[in-house]
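*Asks:* Provide a 3D model corresponding to the input given below.
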Amino acid sequence: MIDIKFIRTNPELVKENIKKKFQDEKLPLVDEVAAFDVEYRAARTRADELRNQRNVKSKMIGGLMAKGQKDEAEKVKSEVSAMAKELAELEVKEQELEAKIRERMLVIPNFIDDSVPIGKDDSENVEIEKFGEPAVPEYEVPYHVDIMETFDGIDLDAARKTSGNGFYYLKGDIARLHSAILSYARDFMIDRGFTYYVPPFMIRSDVVTGVMSFAEMEGMMYKIEGEDLYLIGTSEHSMIGKFIKTTLPEADLPQTLTSYSPCFRKEVGAHGIEERGVYRIHQFEKQEMIVVCKPEDSMKWYDKLWQNSVDFFRSLDIPVRTLECCSGDLADLKVKSCDVEAWSPRQKKYFEVGSCSNLGDAQARRLQIRVKGEDGSKYFAHTLNNTVVAPPRMLIAFLENNLNADGTVSIPEPLRMYMGGKDKLVPKTK
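*Replies:* Residues are numbered from 1 along each chain as shown. The predicted model follows:
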């Protein structure tokens, strides 16, 4: 959410940013906010004047009564009563205008960084760098579900009976591999100085609207019927929400956190849910990294976060690349974002396995997360998040890149301690 003071003084710059994101339908919101803001400030000024006048006149009543000037006192009482009525009306008007302003402010997109490429959608995202050599073996690489089935490691049919499309049962070595990857990701981030958390998996609506845009919320979140609770789509939601309405001493920054959680998503939109596969699903597990820092440090942390993901995947012999998200592909709260994509030998292309985002002070402004400087000044923190790993999607990349010609799957050294010392998985069927 942008500072309303900036909208007052620089409305054309706000509109220019909206145009860069190809959201011209939101342009009228800037003028509406400005107009409502004028009304709001006028109402507040008048209300303050009335409160001062009421206080003065209320004190007069006692003095007049003490002098026996009852008629004059009654006249002043009448004036005070009229003021109270007008003040009550103004307070209601203030609340209504404040709500209208916030409703629109929550929809106006955050300012994108000058380095973000301008483009309409994800087809115009820009490759930054490749890490590792993508290879296509001479032998055929089967579809990931077919690979899992050779290990008797997945049951989609049973999941459809219990839960419908977009769910799965993992079992045996594949389930163990899934857990091993998450355990390794946890320890990988702890070794990099991040504090490990297991957060709440449900959050209240004020946290939801603080961490994400309405469009994202509608397409992602599951609402708990009859409760002011939503299932989280990522642990970022809980972890940033942890700081709601807090003021952090500057000396306590940065806050570097890594969190595990299941994630629940409607996946409403053009992509849809896969009938057969675990790439786009309603439920998965993820290890996340979150940073709360000073504004001047946020770009430095942005680079550290995506590099963590690259290092993690390369430690498991998986080639990856980073892809800069263009302006039209950025969610409304994001200042800058890049995707980490893993190589798929079967598809002979890269696919998304994680996303790193700098949100500037947008979430902090919505959630009232402030920092108190050493000089006593207060300002909004910057927040960032990035995926460490999100199996079972990551299992696709892992299985394809570690599959051998005989159908076995090699286990890289970092995972072996979590897999009982195994250096490969042997299929049960072919």
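*Asks:* you'd agree residue 356 is in a helix?
*Replies:* No - read with DSSP: H, G, I helix; E, B strand; the rest coil, residue 356 is strand and lies in no helix.
*Asks:* residue contacts, it?
*Replies:* 302, 305-306, 309, 337-340, 384-387 (Cβ atoms under 8 Å, 6 or more residues apart in numbering). The C-beta positions use only the backbone N, C-alpha and C, and glycine is treated the same way.
*Asks:* now do 7 Å
*Replies:* 302, 305-306, 309, 337-338, 340, 386 (Cβ atoms under 7 Å, 6 or more residues apart in numbering).
*Asks:* go through those residues and name the one nearest residue 87.
*Replies:* residue 337 (46.5 Å; Cβ to Cβ).
*Asks:* ok, back up a step: dump the contacts of residue 356 into a markdown table; add secondary structure as well.
*Replies:* A markdown table is the format used below for the contacts of residue 356 (three-state DSSP):
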| residue | secondary structure |
| --- | --- |
| 302 | helix |
| 305 | helix |
| 306 | helix |
| 309 | helix |
| 337 | strand |
| 338 | strand |
| 340 | strand |
| 386 | strand |
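*Asks:* buried among these? Need that as a selection in PyMOL.
*Replies:* Buried residues among these (16 or more other Cβ atoms under 10 Å), as a PyMOL selection:
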select buried, resi 302+305+306+309+337+338+340+386
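*Asks:* redo the contacts of residue 356 as JSON lines? Include distance to residue 359 and pLDDT.
*Replies:* What follows is these, written out as JSON lines (distance: Cβ to Cβ, whole Å; pLDDT from 0 to 100):
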{"residue": "302", "distance to residue 359": "10", "pLDDT": "98"}
{"residue": "305", "distance to residue 359": "12", "pLDDT": "98"}
{"residue": "306", "distance to residue 359": "14", "pLDDT": "97"}
{"residue": "309", "distance to residue 359": "17", "pLDDT": "97"}
{"residue": "337", "distance to residue 359": "9", "pLDDT": "97"}
{"residue": "338", "distance to residue 359": "13", "pLDDT": "97"}
{"residue": "340", "distance to residue 359": "17", "pLDDT": "97"}
{"residue": "386", "distance to residue 359": "11", "pLDDT": "97"}
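*Asks:* quick one: contacts for residue 380?
*Replies:* Counting by Cβ under 7 Å, 6+ apart, residue 380 touches 361, 364-365, 369-370.
*Asks:* could you point out which element follows the helix or strand residue 74 falls within?
*Replies:* Element membership of residue 74, judged by DSSP states H and E, is helix 70-105. The first helix or strand that comes after helix 70-105 along the chain, using DSSP H and E, is strand 126-131.
*Asks:* okay, and which of the contacts of residue 380 map to strands?
*Replies:* Within those, residues falling in strands by DSSP state E are residue 370.
*Asks:* is it possible to get TSV of the contacts of residue 380 that adds neighbour count and pLDDT?
*Replies:* Output for the contacts of residue 380, formatted as TSV (neighbours: other Cβ atoms under 10 Å; pLDDT from 0 to 100):
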residue	neighbour count	pLDDT
361	22	95
364	25	96
365	21	95
369	24	97
370	17	97
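*Asks:* okay if I get the contacts of residue 380 as a markdown table plus distance to residue 40?
*Replies:* Formatted as a markdown table, those follow (distance: Cβ to Cβ, whole Å):
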| residue | distance to residue 40 |
| --- | --- |
| 361 | 22 |
| 364 | 23 |
| 365 | 18 |
| 369 | 24 |
| 370 | 23 |
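*Asks:* nearest residue to residue 192 other than its sequence neighbours?
*Replies:* residue 308 (6.3 Å; Cβ to Cβ, 6 or more residues apart in numbering).
*Asks:* helices of this structure, residue ranges please.
*Replies:* 4-9, 11-20, 27-66, 70-105, 144-150, 156-162, 172-191, 205-211, 214-220, 235-241, 298-314, 362-367, 393-402, 413-416 (DSSP state H).
*Asks:* show me which positions of the third one end up buried.
*Replies:* For helix 27-66, a neighbour-count test (16+ other Cβ under 10 Å) marks 29-30, 33, 36-37, 40, 43-44, 47, 50, 54, 60-61, 64 as buried.
*Asks:* and the first one, by the same measure?
*Replies:* Neighbour-count burial for helix 4-9, counted by 16+ other Cβ under 10 Å, picks out 4, 7.
*Asks:* what's it packed up against?
*Replies:* helix 27-66 (3 or more Cβ pairs under 7 Å, 6 or more residues apart in numbering; DSSP states H and E).
*Asks:* the second one now?
*Replies:* Here helix 11-20 touches helix 27-66, going by 3+ Cβ pairs under 7 Å, 6+ apart.
*Asks:* average pLDDT across the helix it packs on?
*Replies:* Taken as a whole, helix 27-66 has a mean pLDDT of 89.
*Asks:* which strands or helices does that helix pack on?
*Replies:* Using 3+ Cβ pairs under 7 Å, 6+ apart, helix 27-66 sits against helix 4-9, helix 11-20, helix 70-105.
*Asks:* okay, those in CSV with mean pLDDT and distance to residue 325 next?
*Replies:* Listed next are these as CSV, based on pLDDT from 0 to 100; distance: least, Cβ to Cβ, whole Å:
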stretch, mean pLDDT, distance to residue 325
helix 4-9, 93, 23
helix 11-20, 97, 13
helix 70-105, 88, 23
